[in-house]
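Asker: I would like the atomic coordinates for the input below:
(one chain, ligands or ions: 1)
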Amino acid sequence: MSQQSVPFYDVNRTYEDNYEQGPFGLFAEALKEAESAPTADGKVPAHVGRHSEAFLGVPVDLAFGIPAGPLLNSRFTTAAFRMGFDLATYKTVRSRAWGCNPFPNVLAVHPKSVDGSLTPGSAELDEGVLADTNYEAPISISNSFGVPSQDPDVWQPDMRAAIEAAGPGQLLVPSFQGSRVEGMSEDDYIADHATTARLVKETGAKVMVMNTSCPNEGHNRLLCHNPQLVGRITEAVKREIGDIPLMVKLAYISDDASLELMIRSTVGRGTVQGFSTINTISARLVDANGDQALPGAGRDRSGVCGNAIRGAGLEMVSRLAALRDKLGLDFAINGVGGVVTPADYHAYKNAGADSVMSATGAMWNADLAREIKG
Ligand SMILES: Cc1cc2nc3c(=O)[nH]c(=O)nc-3n(C[C@H](O)[C@H](O)[C@H](O)COP(=O)(O)O)c2cc1C
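Answerer: Model prediction:
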């Protein structure tokens, strides 16, 4: 069992405080060192050059890192690089400023099963999962942010700085998504994705990940549950970004027919070069009295991540790898979900992942990349 450290994203502070004052713990120390040694030599992290892998065709030391979420800005991504995470994803940005859900945004989650896992489709997800502030290993949490974003005038220069802070064998991975606002037509929604991709491209991005695990037309229906629409969006995005490799972030998709249609609608048309999966699994969260755990309307359900969802993530990666063989199509698979120990990283590699990322596990163990590198 890996050691828990002070999370670099402090769940006891607001998103805004984290954005202004973070990162914390070992990441804060790493950032201090980075700021005092900003030369090319100072950029070289421990263990560099021991591996030689690639992410969407870009060479990296070890294709392991942190997915979209807890790395809020260039201070977080720079600290992640210094801690040996060779892939650092800049939290999902939008074409416009977008507010964050009210505090709290994170709670600890305690599924009933002995191993702490949650299975997609199980009754527990609707009946209620205990959520509180008792954070314990193996760590599972829920996050409820609503994908906040700064205005492009703020995130574009900061993303540029984040890209430049990568050391040798490291890669900054920008994440973006479209924004659905009232009165928008489907064409407007598609165009918003393309606009956001162009704004990301302007920062000098070498690759990008598009989040499709966001709500689309109604409760529990996500954009990635509409493969045809994702196909149309990625065509529009491709026209903006040209040869820059594009990865699509998917939530858990339960049936192979939909997954195959997703692959055919994107990779099959030459618009997408990889999939990153999974995002969180939606569950009803309750406190010890059985009441709604997160305050406010529309927050009875929230996404669970960490240890609880590893089984679901591994299953999605295995099925994607099997479909890749069956269809004879070439695309990268980025395995995400419940990686809290080096053994979990290896399980994803064995399931067919070309690269692996950890959000919750890395938040509570800043040394995770170093432990994997050995
Ligand atoms: C604090 C936090 C914020 C997140 N925000 C985003 C986001 O903005 N965009 C996104 O695509 N995924 C987001 N995620 C989901 C993660 O990228 C990942 O898919 C999920 O947490 C499962 O990985 P894990 O079990 O290692 O945490 C977030 C996760 C966490 C923990």
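
Asker: helix, strand or coil for residue 279?
Answerer: coil (DSSP: H, G, I helix; E, B strand; the rest coil).

Asker: helices of the stretch 51-200 of the chain, start to end?
Answerer: Here the stretch 51-200 of the chain has its helices, by DSSP state H, counting those that start in this stretch, at 74-82, 124-127, 152-164, 186-201.

Asker: pLDDT below threshold where in this structure?
Answerer: Scanning the chain for pLDDT under 70 picks out the ranges 1-4, 38-51, 216-220.

Asker: how about the residues of it near the ligand?
Answerer: 9, 67-70, 91-92, 143, 145, 147, 175, 211, 249, 279-280, 305-306, 309, 336-339, 358-361 (C-beta under 6 Å from any ligand atom). C-beta coordinates here come from the backbone N, C-alpha and C atoms, glycine included.

Asker: from the residues you listed, which would you call buried?
Answerer: 9, 67-70, 91-92, 143, 145, 147, 175, 211, 249, 279-280, 305-306, 309, 336-339, 358-361 (16 or more other C-beta atoms under 10 Å).

Asker: name the SS class of the closest residue to the ligand within the stretch 201-350 of the chain, please.
Answerer: Nearest to the ligand, among the residues of the stretch 201-350 of the chain, is residue 305, at 3.2 Å (C-beta to the nearest ligand atom). Secondary structure assignment for residue 305 (three-state DSSP): strand.

Asker: residues contacting it?
Answerer: By C-beta atoms under 8 Å, 6 or more residues apart in numbering, residue 305 lies in contact with 140-143, 279-281, 337-338, 359-360.

Asker: what number of residues lie near the closest residue to residue 178 other than its chain neighbours?
Answerer: Counting by C-beta to C-beta, 6 or more residues apart in numbering, residue 193 is the residue found nearest to residue 178 once chain neighbours are left out, at 3.9 Å. Look at residue 193: counted by other C-beta atoms under 10 Å, it has 24 neighbours.

Asker: state the distance from residue 193 to residue 243.
Answerer: 18 Å (C-beta to C-beta, to the nearest Å).

Asker: just to revisit the earlier point, list the residues that contact the residue nearest to residue 178.
Answerer: Residue 193 touches 176-178, 210, 233, 236-237, counting by C-beta under 8 Å, 6+ apart.

Asker: in strands, which of the residues you listed appear?
Answerer: 176, 210 (DSSP state E).

Asker: tell me the one among the contacts of residue 193 nearest to residue 274.
Answerer: Closest to residue 274 out of the contacts of residue 193 is residue 210 (10.8 Å), distances taken as C-beta to C-beta.

Asker: these two touch, right, the closest one and residue 173?
Answerer: No. Counting by C-beta atoms under 8 Å, residue 173 is not a contact partner of residue 210; they are 11.4 Å apart.

Asker: the two - which one has more neighbours?
Answerer: residue 173 (30 against 27).

Asker: if we can go back for a sec, what separation do you get for the residue of the stretch 201-350 of the chain closest to the ligand and residue 339?
Answerer: On the measure of C-beta to C-beta, residue 305 and residue 339 end up 10 Å apart.

Asker: ok, what's across the strand from the residue of the stretch 201-350 of the chain closest to the ligand?
Answerer: Beta-bridge pairing for residue 305 (DSSP bridges): residue 141.

Asker: just the element for residue 335, please.
Answerer: strand 332-336 (DSSP states H and E).

Asker: helices and strands around that strand, which ones?
Answerer: Counting contacts by 3 or more C-beta pairs under 8 Å, 6 or more residues apart in numbering; DSSP states H and E, strand 332-336 packs against strand 274-277, helix 310-327, helix 342-351, strand 355-357.

Asker: could the ones you listed be laid out in CSV, adding distance to residue 78 and mean neighbour count?
Answerer: Formatted as CSV, these follow (distance: least, C-beta to C-beta, whole Å; neighbours: other C-beta atoms under 10 Å):
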stretch, distance to residue 78, mean neighbour count
strand 274-277, 22, 27
helix 310-327, 27, 19
helix 342-351, 23, 18
strand 355-357, 17, 28
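
Asker: closest one to residue 75 among these?
Answerer: Of all these, strand 355-357 sits nearest to residue 75, with 19.3 Å by C-beta to C-beta.

Asker: which single residue of the protein ends up nearest the ligand?
Answerer: residue 69 (2.5 Å).

Asker: quick one: residues contacting that residue.
Answerer: 89, 91-92, 143, 359.

Asker: identify the farthest-apart pair in these.
Answerer: Going by C-beta to C-beta, the pair spanning those furthest: 89 and 143, at 14.5 Å.

Asker: hang on, the earlier thing: emit the PyMOL select command for whichever of the contacts of residue 193 are buried.
Answerer: The PyMOL command for the buried members of the contacts of residue 193 (criterion: 16+ other C-beta under 10 Å) is given here:
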select buried, resi 176+177+178+210+233+236+237
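
Asker: need the contacts of residue 193 in TSV with distance to residue 124, can you?
Answerer: Below are the contacts of residue 193 laid out as TSV (distance: C-beta to C-beta, whole Å):
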residue	distance to residue 124
176	33
177	29
178	32
210	31
233	33
236	39
237	37
